[in-house]
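**Student:** from the sequence below, what's the structure:
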Amino acid sequence: MLHVSFSRVYQFSSAHRLHSDILNDFENEAIYDKCNNPHGHGHDYTVEVTLQADPDPDTGMVYSMEEFDSVIGDVLSELDYRHLDQEVPFFKDHISTGEIIIQYLWMRISERLPEGLLYHIRLWETNNNYFDLGKESA
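**Tutor:** Numbers count the residues shown, from 1 in each chain. Purely as a prediction, here's the structure:
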């Protein structure tokens, strides 16, 4: 049987400040520019999550849509309407760049799904910026 990919799209909104404690204020401003604003800034993120597996012979589905929505909803509720650096413990020790946010999403989602089911995540930060993380690179 062929593997089938199944994707769903979700949204969440978060604020963050791009800032590295290893760098001085001048270096932070030079690297992160306006995204280093001490008060932070926000994004309306879009996340596309893809699962891949053989369809279940009893249901014909890769995974239950209801369970999928529940898993993703639980993970995104950790980030939605939060200031990542101030309210999400993980980001107290990790810079909240899109690259790190997508790694966080992969970690939190994959631990809630059957092993090997999560295949790809795409995180849209703006209309021009998105980040990809897939099984081949996880």
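
**Student:** leaving out sequence neighbours, find the closest residue to Pro38.
**Tutor:** Arg17 (6.8 Å; Cβ to Cβ, 6 or more residues apart in numbering). Backbone N, C-alpha and C define where each C-beta goes, glycine included.

**Student:** oh sorry, the question was meant for Thr97
**Tutor:** Nearest to Thr97 is Leu18, by Cβ to Cβ, 6+ apart, at 6.2 Å.

**Student:** how about the secondary structure of the one you found?
**Tutor:** coil (DSSP: H, G, I helix; E, B strand; the rest coil).

**Student:** so it sits right up against Ser96, yeah?
**Tutor:** Yes - counting by Cβ atoms under 8 Å, Leu18 touches Ser96, with 6.8 Å between them.

**Student:** the more surrounded of these two?
**Tutor:** Each of Leu18 and Ser96 has its neighbours counted (other Cβ atoms under 10 Å); Ser96 has more, 24 against 19.
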